[in-house]
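Enquirer: Just a sequence and a predicted model for now, questions to come.
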Amino acid sequence: MLALIIDDEIQIRRLLRLALESAGFAVREAAVGQGGLQEAAFHRPDVILLDLGLPDMDGLAVLKRLREWSEVPVLILSVRDQDAVKIAALEGGADDYVTKPFSTAELLARVRAILRRQSGNAEPLSVVGPLTLDLLHHEATLLGSRLALSPTEFALMKLLMRYVGRIVTQKQILREVWGGQNSDASQALRVHVNHLRKKLSNAPQLKIQNEPGIGYRLVDGS
């Protein structure tokens, strides 16, 4: 597995390299955004750790350019902890966000989680606790029994399961499930979430939490 670090702080790059190499990763580094894009294009890493505060271009701009041609998992590292910045990064295609300072144990756990989700995206089944989605046949089962989901409910559930434990912004949901954002779709989203909550009521360990003003999160308490 190859990890690419894009960060202008040499001390952070050294810390990340030591942590990643101790976990079995090969590591490439870049101190500026343009160099990071070149490294990503040439070496095709399995995961990228991207700082937002780069000297030549904002990390969000790097992420935007990267997403024009690559779906490589990206973990954002930043001292910025404002919700607006986190939302912009997640909506821009980041897979997770870690605020500096951070522990290396947490960082490695986040990286492993991203890679598990990435490998899981290629599987025909999506499983969270007692809920299983058959992505090939568009069928759902809960606690071993068939669960009736409309096509929209299935798409929404699939998206929440992909990012289980993490906030999925309302804008991202509207874009991926409804293809855009309008007032009708926003109201439809609330209705469909309520329907899903009722349909998951037999499995109380699964909860769809509302993050006011941001989006929704699927939580597995099993």
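Expert: Thanks, I have it.

Enquirer: which residues pair with the most far-flung residue of the chain relative to its centre across the strands?
Expert: No residue in the chain has its C-alpha farther from the mean C-alpha position than S145, which lies at 28.7 Å (Cα atoms, centre = their mean). Beta-bridge pairing for S145 (DSSP bridges): L142.

Enquirer: I'd like to know how far the residue nearest to A23 when sequence neighbours are not counted sits from L18.
Expert: Of all residues not flanking A23 in the chain, L108 sits nearest, at 5.3 Å (Cβ to Cβ, 6 or more residues apart in numbering). Placement of C-beta: from N, CA and C, glycine included. For L108, the distance to L18 equals 11 Å [Cβ to Cβ, to the nearest Å].

Enquirer: Between these two, which has more neighbouring residues?
Expert: Higher neighbour count among L108 and L18: L108, with 16 against 12, using other Cβ atoms under 10 Å.

Enquirer: contacting residues for T169?
Expert: Taking Cβ atoms under 8 Å, 6 or more residues apart in numbering, we find T169 in contact with I87, L90, E91, I214, G215.

Enquirer: Out of those, which is nearest to K198?
Expert: Of all the contacts of T169, G215 has the smallest distance to K198: 19.8 Å, by Cβ to Cβ.

Enquirer: Phi and psi next, for the nearest residue to the closest one once chain neighbours are set aside.
Expert: In space, and not counting its chain neighbours, G215 is closest to T169: 4.1 Å by Cβ to Cβ, 6+ apart. The phi and psi torsions at T169 (degrees, to the nearest 10) take the values phi -70, psi 150.
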